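Colleague: I'll drop the sequence and a predicted model, then ask my questions.
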Amino acid sequence: MPDIHIERNHTLGIAGARAVAHKWIAQVEQEFGLECVYTQGDGRDVATFTRAGIDGTVEVTESTFTLDATLGFLFSSFSEMIEQKITRSLDAMLQSPRGRSRLA
């Protein structure tokens, strides 16, 4: 069971969702030092991310973003703060002019 689970519905379609996902990945790579690998599929993409103490996935579809992250011992005490920061970042990107969306 992941320590952090965030799911958002959107109306961007797969192309718009991919654009937001790539923007979010670039941000977390720089801000948190995560190593990310993005795998594009037919209607469903998966980004995996990792660094010492955290790893997880972001699943991107034409109508949802789903993030699951598992935190190591040192980061687990900060899980609420990390989740809030990720949520704010993702929500802001989904609501930006390029990613107009209604959140669930």
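Modeller: Looks like it came in fine.
Colleague: ok, now which ones touch E35?
Modeller: 29, 49-51 (Cβ atoms under 8 Å, 6 or more residues apart in numbering). The C-beta positions use only the backbone N, C-alpha and C, and glycine is treated the same way.
Colleague: quick one, phi psi at D91?
Modeller: When read as degrees, to the nearest 10, the backbone of D91 gives phi -60, psi -40.
Colleague: From the contacts of E35, which land in strands?
Modeller: 49-51 (DSSP state E).
Colleague: Return the members of those residues classed as buried.
Modeller: F49 (16 or more other Cβ atoms under 10 Å).
Colleague: what's the distance between F75 and C36?
Modeller: 17 Å (Cβ to Cβ, to the nearest Å).
Colleague: Oh, that last question was meant for S79, not what I typed.
Modeller: Taken as Cβ to Cβ, the span from S79 to C36 is 20 Å.
Colleague: now the strands for this protein?
Modeller: Using DSSP E, strands in the chain cover 4-9, 35-39, 44-51, 54-61, 64-71.
Colleague: Which residue, neighbours along the chain excluded, lies closest to L67?
Modeller: I6 (4.4 Å; Cβ to Cβ, 6 or more residues apart in numbering).
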